[in-house]
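Chemist: fold the following.
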Amino acid sequence: MDLLISGGTVVTMDAEFRVIEDGAVAIEGDTIKAVGKRAELEPRARGAKIIDSSTALVTPGMINGHAHAAMSLFRGVAEDHSLNDWLQRYIFPAEANNVTEEFVFWGTRLGVLEMLRGGITTYADMYYFEDVVAQVTKEAGMRGVLGQTVVDFPAPDHKTPAAALAYAGTFIDRWTGDPLITPAIAPHSIYTVSTENLKKAAALARSKGAPILIHLAEAPFESELSRKKYGASPVAYLDQIGVLGPDVVAAHSVWVDAIDISTLVRHGVGTIHNPSSNMKLASGVMPVVDLLAAGEPVGLATDSAASNNNQDLFQEMNIAAKLQKVTRMDPRALPARQTVEMATIGGARAMHMDKKIGSLEPGKQADLILINTNATHSTPMYNVYSQLVYALNAHDVRTVVIGGKIVMENRVMMTMDKPAILAKAHEYQKKVAASLVEARVL
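Modeler: Residues are numbered from 1 along each chain as shown. From the prediction side, this is the model:
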């Protein structure tokens, strides 16, 4: 073995949900070689680097199923608005005035830095200049499912949908087969992309074997528009035009009924819950319990820092569990273990990657995190899942390993220059604020 994580409480998230006290994870190259007791594996670690994980939980890396990393530079620019108002009056104009390749480069760096420091090892992204996003993500040593956005109106990177589709094809060709980057295409939504272009995006993705990322059934205005324009719910409409399939990852899926849920399950679509963003924009509450009961794979996500306003998946676990309980008036709804599952192996299923990541099992990619449990807010501990959802937070993550490589150790970043990234973010804050004042948006 090359690396041994030894002495902690290993939360495997495997089919048996094994929790191994005084456990160890052996890594060879980018792959998990063995998971078991420290006493069994440590004697076999001759020549390997050993990381002491005592006073820590060792869990699979967290999976952020929907984000817009570069939008971290828009954190807080427009607050307390509905989704449509927030997009049309504030975000789209701010993007038109500010988003360039350099903006995406530094914004993605800021977003990725925040995610890594919070224990997120894989994320799905949907934005512009996605080739830049891929370069930053790979340099950071992070795993990404990265979707080039397609919209019908002029975007910061391409002025026509045809140009965006052409770019997406080249982007997919360039990154297919990369060990960390899974290129995808991301038609934004049914309200920003025409039927013709939704079909073209899906056809392009399928011709290249790439995933399709899309916002779906996020807010009431979208459902109303769909029923008025197409005579069907957003889910039914995408079914009718042939977009749905086992390669689709649908973010939000808030406004879905029993028939919609059945359609999603039948097509093998993965769905992603964004509780903080949906609450903040008053978009609604995803029926997570109903989706899971129907057999729908549901992951968890932060959405962008512009609508959240952070990239903390521990916070999302906490809110997701409590939101289902209070909405359904049932304290048993979405228990802690099921919530952790959404942030790990469940998220991997939703993103169609569960054969590769999401649990600590031999043969899977060595993506794992060490979470400190020796703080006042996390002592004592009786149940690991309860602790992860209700007590621990992103700042408790002390070490991050992705594909067998250490990207953060004892809170020290190995792959990113934190001071430089923060300094650049402060520069952009001044530029963005000035542009918003000039455009009378701020």
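Chemist: relative to residue 121, how far out is residue 64?
Modeler: Using CB to CB, to the nearest Å, we find residue 64 at a distance of 9 Å from residue 121. Where you see a C-beta, it was placed from the backbone N, CA and C, and this is true even at glycine.
Chemist: hmm, who's touching the lengthiest helix in the chain?
Modeler: When the chain is parsed with DSSP state H, its longest helix is helix 418-438. Identification of contacts with helix 418-438 by CB atoms under 8 Å, 6 or more residues apart in numbering yields 72-74, 77, 94, 97-98, 103, 106-107, 109-110, 113, 442.
Chemist: buried subset of these, written for PyMOL?
Modeler: Per 16 or more other CB atoms under 10 Å, the buried members of the contacts of helix 418-438 correspond to this PyMOL selection:
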select buried, resi 72+73+74+77+94+97+98+103+106+107+109+110+113
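Chemist: which parts of stretch 89-99 are buried?
Modeler: Those would be 90, 91, 92, 93, 94, 95, 97, 98, 99, for stretch 89-99 by 16+ other CB under 10 Å.
Chemist: show me those residues that map onto helices.
Modeler: Under the assignment DSSP H, the buried residues of stretch 89-99 contribute 92, 93, 94, 95, 97, 98 to helices.
Chemist: quick check: closest non-adjacent residue to the first one.
Modeler: When you say that, I think you mean residue 92. residue 153 (8.0 Å; CB to CB, 6 or more residues apart in numbering).
Chemist: burial measure for the one you found, as a count.
Modeler: Neighbour count of residue 153, defined by other CB atoms under 10 Å: 12.
Chemist: mind listing what residue 351 touches?
Modeler: By CB under 8 Å, 6+ apart, the contact set of residue 351 is 63, 65, 122, 124, 145, 211, 249, 270, 299.
Chemist: which parts of the chain belong to which domain?
Modeler: Structural domains assigned to the chain are 3-61+359-410, 62-350, following automatic domain parsing.
Chemist: would you mind finding the most buried of these?
Modeler: When you average the neighbours per residue for each of the domains of the chain (mean count of other CB atoms under 10 Å), domain 62-350 leads with a mean of 21.
Chemist: so after the helix or strand that contains residue 264, what's the next helix or strand?
Modeler: Using DSSP states H and E, residue 264 sits within helix 258-267. Using DSSP H and E, the helix or strand that directly follows helix 258-267 along the chain is strand 270-273.
Chemist: following that following strand, which helix or strand comes up?
Modeler: Of the helices and strands lying after strand 270-273 in sequence (DSSP H and E), the nearest is helix 275-280.
Chemist: so for that following helix, mean pLDDT?
Modeler: The predicted model assigns helix 275-280 a mean pLDDT of 96.
Chemist: who does the spatially most central residue of the chain form a beta bridge with?
Modeler: In the chain, the residue lying closest to the centroid (CA atoms, centre = their mean) is residue 64, at 2.0 Å. Beta-bridge pairing for residue 64 (DSSP bridges): residue 123.
Chemist: the residue lying closest to residue 75 once chain neighbours are set aside: what secondary structure?
Modeler: Closest residue to residue 75 apart from its sequence neighbours, by CB to CB, 6+ apart: residue 305 at 4.3 Å. Classification of residue 305 using DSSP: H, G, I helix; E, B strand; the rest coil returns coil.
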